[in-house]
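1. Fold the following and give me the result.
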Amino acid sequence: MENHLCGSWSVNEDSPVTGAFNLKELSVIEVRGKDAAEFLHGQFTNHIKNLGSAFRLAAYCQPQGRILALMRVFKKEDSYYLVLPCDLVEGFIKRLSMFILRSKVVIKLREDLTVYGLIGLQENLPALDEVALQGEVVLARVADWGNQQRAMAIAPKTVLSSKYTEPAESARWFESEIETGTPWVFAKTTEAFIPQWINLEKIGGLVFDKGCYPGQEIISRVQHIGSTPRRMTIVKADSNVALCANDDVFSDGEACGSVVMSVTNGNETKALVEVTLKSMEKGSYRICNTEFVNVPLPYAL
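-> Next comes the predicted model:
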């Protein structure tokens with residue numbers, strides 16, 4: 001099974017390593033209005049006020065600190081744009097709208113906008129985690145994949161399809177997300193993770209110097225005890241294994257975590273998994289009756 005509903009992808013043998021990739025799994029929401037910045041700032045795990053040219057990773061959590069949605073946020077003119085998985089959009093808009101009350105805020109799904117992932121293209125890219133406007137295209141730089149630069153391109157579908165003809169399917173892009181230790185939360189894993197469990201404060205998606213937001217008390221408590229008992233890591237197996245997000249991960253016969261997202265490429269399967277720190281000491285796991293070994297993350301925990 002290969003689609004974003006189960007958080008797994010399969011890379012075709014002839015899929016290019018560089019180029020443009022159509023990220024059909026992602027949607028774009030526009031939030032505008034006089035109170036938009038203040039409203040969003042009070043909802044997410046990262047700074048939204050004074051966003052400037054940032055392409056900011058942020059989570060939206062429920063009161064118990066579990067992530068409902070993970071997104072990238074940027075500003076264009078007077079509107080804020082949220083890039084997040086399309087299978088979360090309906091529930092996300094409905095829940096966020098409940099808290100608008102008397103604030104002057106309008107939330108709208110921008111069905112006219114689409115998202116491409118760019119790997120290794122000779123674009124004039126902005127700095128890491130920044131956006132730049134290139135005509136009608138918003139170019140948003142994200143972490144490099146090895147020696148290949150990466151960016152997201154957000155624009156009307158007609159503009160992207162004419163600029164980047166014959167884009168590849170998204171599997172290669174999500175392979176690069178896994179290998180850069182960059183998680184996404186889909187419908188199968190909504191409310192499954194506290195931000196620190198999937199390393200958000202290590203990759204710029206969680207800060208501790210802003211005001212309150214849903215779940216902030218729980219999330220701060222986890223931080224102030226000195227260490228989180230769970231973390232996200234990369235694992236791989238030398239076989240093709242059909243994993244789904246939220247599949248159980250085992251160590252020494254006991255469940256120790258769950259799959260965040262996965263990709264198969266030939267006879268290899270790679271996954272981001274959220275597991276206990278104790279299990280990470282051993283460095284090997286069983287998922288779907290298959291042995292997986294730990295792979296170092298490209299950043300320090």
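2. Burial check on Ala171, number of neighbours?
-> Residue crowding around Ala171 was assessed by other Cβ atoms under 10 Å; the count is 19. Backbone N, C-alpha and C define where each C-beta goes, glycine included.
3. same question, Lys108
-> For Lys108, the count of nearby residues is 12 (other Cβ under 10 Å).
4. Put the alpha carbons of stretch 59-66 into PDB.
-> This file holds the C-alpha atoms of stretch 59-66, laid out as PDB (Å, rounded to 0.1, in the frame of the first residue of the first chain):
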ATOM      1  CA  ALA A  59       3.100  21.900  15.400                       C
ATOM      2  CA  TYR A  60      -0.500  22.300  16.500                       C
ATOM      3  CA  CYS A  61      -1.200  20.300  19.600                       C
ATOM      4  CA  GLN A  62      -4.200  19.300  21.700                       C
ATOM      5  CA  PRO A  63      -4.300  20.200  25.400                       C
ATOM      6  CA  GLN A  64      -2.400  17.000  26.400                       C
ATOM      7  CA  GLY A  65       0.600  18.000  24.300                       C
ATOM      8  CA  ARG A  66       0.000  15.500  21.500                       C
END
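5. So which bits of that stretch are buried?
-> The neighbour-count check on stretch 59-66 (16 or more other Cβ atoms under 10 Å) flags 59-61, 65-66 as buried.
6. Same check on stretch 200-211?
-> For stretch 200-211, the neighbour count (16+ other Cβ under 10 Å) marks 200-206, 210 as buried.
7. tell me how far the ends of it are from each other?
-> The stretch stretch 200-211 measures 17 Å between its terminal residues, going by Cα to Cα, to the nearest Å.
8. before we move on, what about stretch 35-49?
-> Between the opening and closing residues of stretch 35-49 there is a gap of 10 Å (Cα to Cα).
9. Quick one: end-to-end length of stretch 155-173, please.
-> Span of stretch 155-173 from end to end, Cα to Cα: 18 Å.
10. so can I have TSV of the buried residues of stretch 59-66 showing secondary structure, pLDDT and distance to Ala132?
-> Written out in TSV, the entries for the buried residues of stretch 59-66 read as follows (DSSP: H, G, I helix; E, B strand; the rest coil; pLDDT from 0 to 100; distance: Cβ to Cβ, whole Å):
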residue	secondary structure	pLDDT	distance to Ala132
Ala59	strand	98	25
Tyr60	strand	98	26
Cys61	strand	98	30
Gly65	coil	96	34
Arg66	coil	97	34
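11. Farthest pair within those residues?
-> Tyr60 and Gly65 (11.5 Å; Cβ to Cβ).
12. Can you pull the poorly scored residue ranges out of the protein?
-> Screening the chain residue by residue with the criterion pLDDT under 70, one finds the ranges 1-5, 226.
13. which stretches of it form helices?
-> Listed in chain order, the helices found in the chain under DSSP state H are 36-41, 89-97, 157-163, 171-179, 216-224, 277-282.
14. Which elements pack onto the third one?
-> Looking back up the chat, that one is helix 157-163. Other elements packing on helix 157-163 under the criterion 3 or more Cβ pairs under 8 Å, 6 or more residues apart in numbering; DSSP states H and E are strand 113-119, strand 137-145, strand 148-156.
15. Please repeat the previous calculation with a cut-off of 7 Å.
-> The elements that helix 157-163 packs onto, with contact taken as 3 or more Cβ pairs under 7 Å, 6 or more residues apart in numbering; DSSP states H and E, are strand 113-119, strand 137-145.
16. Would you mind finding the most buried of the ones you listed?
-> Burial of those is given as mean neighbour count (mean count of other Cβ atoms under 10 Å); strand 113-119 ranks first at a mean of 23.
17. Let me know how buried the closest residue to Phe174 other than its chain neighbours is, in neighbour terms.
-> Using Cβ to Cβ, 6 or more residues apart in numbering and skipping residues adjacent in sequence, the residue nearest Phe174 is Trp9, 4.9 Å away. By the measure other Cβ under 10 Å, the count of residues near Trp9 is 23.
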